[in-house]
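Engineer: dropping a prediction and its sequence here:
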There are 2 protein chains.
Amino acid sequence: MSDLKRAVKESEGPLAIICGGGSLPFAVADAALRHGRGIVMFALRGFADPGRVEAYPHHWTRLGQYGRFCRIARQEGCQEVVCVGSVVRPAVRHIWPDPAGLLLMSRIVFRGGDNRLLSSIMTAFENDGFRPLGAHEVAPEILLPEGALGGFHPTRAQREDIALGLSVLHAIGPFDVGQAAIVADKHVLAVEGAGGTDEMLAHFADLRRRSRIRSKGGVLIKAPKPGQDRRIDLPAIGPHTVEGAERAGLAGIASIAGATIVAEGERVRQGADRARIFVVGVREHAASSNG
Amino acid sequence: MSDLKRAVKESEGPLAIICGGGSLPFAVADAALRHGRGIVMFALRGFADPGRVEAYPHHWTRLGQYGRFCRIARQEGCQEVVCVGSVVRPAVRHIWPDPAGLLLMSRIVFRGGDNRLLSSIMTAFENDGFRPLGAHEVAPEILLPEGALGGFHPTRAQREDIALGLSVLHAIGPFDVGQAAIVADKHVLAVEGAGGTDEMLAHFADLRRRSRIRSKGGVLIKAPKPGQDRRIDLPAIGPHTVEGAERAGLAGIASIAGATIVAEGERVRQGADRARIFVVGVREHAASSNG
């Protein structure tokens, strides 16, 4: 029995979807609904798209209102929870904790990178009787498959660049930095920082526009951090990633098959074909067999 | 006998200084002259500062004119050569090779990162009878000493951030990426890419201005790449680095004592004190004892 079927079977209530920014939460919600699963969105104010949230059963909430989440989720009969969508690391003044949120924050604040933050939240959910799921468990069809998504494929040289990118991501994994790098002609040109993938692509496009980077082409490589909790922070590729890669003059995008979420797969495929860039799912072990 | 004294003693002719951008070549030239050493500048057109080059014995040259360099340097009686100053990785169309330069380029182009490029150039100098020196050998007084350069010092927490930064630079060393990272509150926020340190600082300042990075403070950490040829590519700190760090909201700058060049040390110290940030030379082994 698949994780998905088991999840549907064991759960009696609707799925709680904690909804950050971007289109991914809605792709997950739609997939859950297609699988016959009820849902309740907990839309994070300032992050979730208000225009799209309205179409689903939802409650607006603020970052830090953990006690309120637990109360409403129990009232709604939710036993399982999934966190989806972008939440840029917020300033403390943008968090409105209730007492339970404050307690949770006291345990997780100032303990380093995203990995530790996110796994603390997962543990909190479990302690409060909710089963945290990954978006990929709720909607396996949104995972990047192995091979090319559209009509373009990496060359042999680009495959070597992909392997090099996976190796550098593997090397920086323990430091909990970023999930992405740009490689061209066997040269690592950029490593994602705290700004995230879109910012790295925009900065790279700017450097190229100003001739501060003069090589051509290149590949965006993404990968989950080693040891990262895949229930909450899988790398994601969406139409905006393709647009960013195109503006940065890249030849393609590669990420780990089965461990990358593709928001709006059809738009990603069409956008990539239009931009004449490849989007490819690769196997994970390439990371450890190189570099 | 010190490297410097030996260099002065063994050499009969003036020192050839291949002069890229920034103020560092002139700091090295002035130091050599103070040590009683004659010099000839080979000013790279498009990189060297024309206004400042005029004050020294010099020849203008273009990137790639390696045969011309060898001929003139021999005429001038130069036996030793030092390369100083920034040369942003140039487009092939900006290189004007003469026949010897073309031969050299055919050996070094398309072989990966800066390290391999630069060590190929060092080997070429040696093959043609010139002894390549590092700027630090010609002018040891321009090296960053251990400890704080100005009136501000890192806190214990910032020292931990420095150690973390050295560790991440150590981990990415084999990939020949950048020589710098930004760390705040035990979190690696940025890793230098092909654009260099100044671009990383400017991008980081921009991310903070747009609240894409919301933590405060942080340290710029620089270090030589492991295995890098220190005769040509030591990390450098200058007044612009201090200005960039200040604009990025950083609390300080750390780099390896004895393996970092400080251009215009007095201006760096004064600028750092005015900006209330620290500039500190740290020991190298911190990199291997952490992370």
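Structural biologist: Structure received. Numbering: from 1, shown residues only, chains lettered A, B, ... in the order given.
Engineer: my guess is A:G218 contacts A:V188. True?
Structural biologist: No: between A:G218 and A:V188 there is no contact under C-beta atoms under 8 Å: 10.0 Å. The way it works is simple: take the backbone N, C-alpha and C, and place the C-beta from them, glycine included.
Engineer: what residues do these two have in common as contacts?
Structural biologist: Residues within reach of A:G218 and of A:V188 at once, by C-beta atoms under 8 Å, 6 or more residues apart in numbering or on different chains, are A:I182.
Engineer: show me where the stretch 1-150 of chain A has helices.
Structural biologist: Counting by DSSP state H, counting those that start in this stretch, one finds helices in the stretch 1-150 of chain A at the ranges A:3-10, A:24-34, A:50-53, A:66-75, A:99-108, A:114-127, A:135-138.
Engineer: do I have it right that A:A180 meets A:T197?
Structural biologist: Yes: between A:A180 and A:T197 there is a contact at 4.6 Å, judged by C-beta under 8 Å.
Engineer: shared neighbours of the two, anything?
Structural biologist: The contact sets of A:A180 and A:T197 overlap at A:220, A:222, A:235 (C-beta under 8 Å, 6+ apart).
Engineer: just name the closest of the residues you listed to A:R34, please.
Structural biologist: A:P235 (23.5 Å; C-beta to C-beta).
Engineer: quick one: neighbours of the spatially closest residue to that closest one that is not a sequence neighbour, just the number.
Structural biologist: Closest residue to A:P235 apart from its sequence neighbours, by C-beta to C-beta, 6 or more residues apart in numbering or on different chains: A:K222 at 4.2 Å. A total of 25 residues lie near A:K222 under the criterion other C-beta atoms under 10 Å in any protein chain shown.
Engineer: and the closest residue to A:A73 other than its chain neighbours, how many neighbours?
Structural biologist: In space, and not counting its chain neighbours, A:A73 is closest to A:A16: 4.8 Å by C-beta to C-beta, 6+ apart. Residue neighbour count, defined by other C-beta under 10 Å, stands at 28 for A:A16.
Engineer: swap in A:A100?
Structural biologist: Other residues near A:A100 come to 18 when the count uses other C-beta under 10 Å.
Engineer: just give the closest residue to it, not the sequence neighbours.
Structural biologist: Nearest non-adjacent residue to A:A100, counting by C-beta to C-beta, 6+ apart: A:G67, 3.0 Å away.
Engineer: hang on, the earlier thing: reformat the shared contacts of A:A180 and A:T197 as CSV; add pLDDT and secondary structure.
Structural biologist: Output for the shared contacts of A:A180 and A:T197, formatted as CSV (pLDDT from 0 to 100; DSSP: H, G, I helix; E, B strand; the rest coil):
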residue, pLDDT, secondary structure
A:L220, 98, strand
A:K222, 95, strand
A:P235, 85, coil
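Engineer: quick one: which of those is nearest to A:G20?
Structural biologist: Closest to A:G20, out of all of these and judged by C-beta to C-beta, is A:P235, at 14.7 Å.
Engineer: that closest one reaches A:T260, doesn't it?
Structural biologist: Yes: between A:P235 and A:T260 there is a contact at 5.1 Å, judged by C-beta under 8 Å.
Engineer: what touches both of those two?
Structural biologist: Common neighbours of A:P235 and A:T260 (C-beta under 8 Å, 6+ apart) are A:222, A:224.
Engineer: quick one: residues contacting the spatially closest residue to A:R247 that is not a sequence neighbour.
Structural biologist: Leaving aside its chain neighbours, A:R247 sits nearest to A:A205 (4.5 Å; criterion: C-beta to C-beta, 6+ apart). By C-beta under 8 Å, 6+ apart, the contact set of A:A205 is A:244, A:247-249.
Engineer: so what pLDDT did A:A205 get?
Structural biologist: On the pLDDT scale, A:A205 is placed at 96.
Engineer: what's the spacing between it and B:A124?
Structural biologist: 35 Å (C-beta to C-beta, to the nearest Å).
Engineer: likewise A:A184?
Structural biologist: A:A184 is 25 Å from B:A124, by C-beta to C-beta.
Engineer: do A:L164 as well
Structural biologist: For A:L164, the distance to B:A124 - C-beta to C-beta - is 26 Å.
Engineer: which strand residues bridge the residue nearest to A:P235?
Structural biologist: In this structure, A:K222 bridges to A:A180 when assessed by DSSP bridges.
Engineer: go ahead and confirm it touches A:L234.
Structural biologist: No: applying C-beta under 8 Å as the test, A:K222 and A:L234 come out as separate, 9.5 Å apart.
Engineer: so the residue of chain A most remote from its centre: helix, strand or coil?
Structural biologist: Distance from the C-alpha centroid of chain A, by C-alpha atoms, centre = their mean, peaks at A:S211 (30.9 Å). At A:S211 the chain is in coil, as set by DSSP: H, G, I helix; E, B strand; the rest coil.
Engineer: tell me the pLDDT of it.
Structural biologist: What the model reports for A:S211 is a pLDDT of 84.
Engineer: okay, A:L164 and B:A124: which has more neighbours?
Structural biologist: Comparing A:L164 with B:A124 by other C-beta under 10 Å, the one with more neighbours is A:L164, at 23 against 19.
Engineer: okay, and that one sits in which element?
Structural biologist: Assigned by DSSP states H and E, A:L164 falls within helix A:156-172.
Engineer: that older thread, can I get the contacts of A:A205 in JSON lines including pLDDT and secondary structure?
Structural biologist: As requested, the contacts of A:A205 are exported to JSON lines (pLDDT from 0 to 100; three-state DSSP):
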{"residue": "A:G244", "pLDDT": "97", "secondary structure": "helix"}
{"residue": "A:R247", "pLDDT": "97", "secondary structure": "helix"}
{"residue": "A:A248", "pLDDT": "97", "secondary structure": "coil"}
{"residue": "A:G249", "pLDDT": "97", "secondary structure": "coil"}
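Engineer: now the stretch 1-150 of chain A, which segments are flagged as low pLDDT?
Structural biologist: For the stretch 1-150 of chain A, applying pLDDT under 70 flags the ranges A:1-12, A:87-95, A:97, A:101-118.
Engineer: closest to chain B among the contacts of A:A205?
Structural biologist: A:A248 (11.9 Å; C-beta to the nearest C-beta).
Engineer: show me the contacts for that closest one.
Structural biologist: Contacts of A:A248 by C-beta under 8 Å, 6+ apart are A:182, A:201-202, A:204-205, A:208, A:218, A:220.
Engineer: which residues does the residue nearest to A:A73 contact?
Structural biologist: Applying C-beta under 8 Å, 6+ apart to A:A16 gives the contacts A:39-40, A:42, A:69, A:73, A:76, A:78, A:80-82, A:130.
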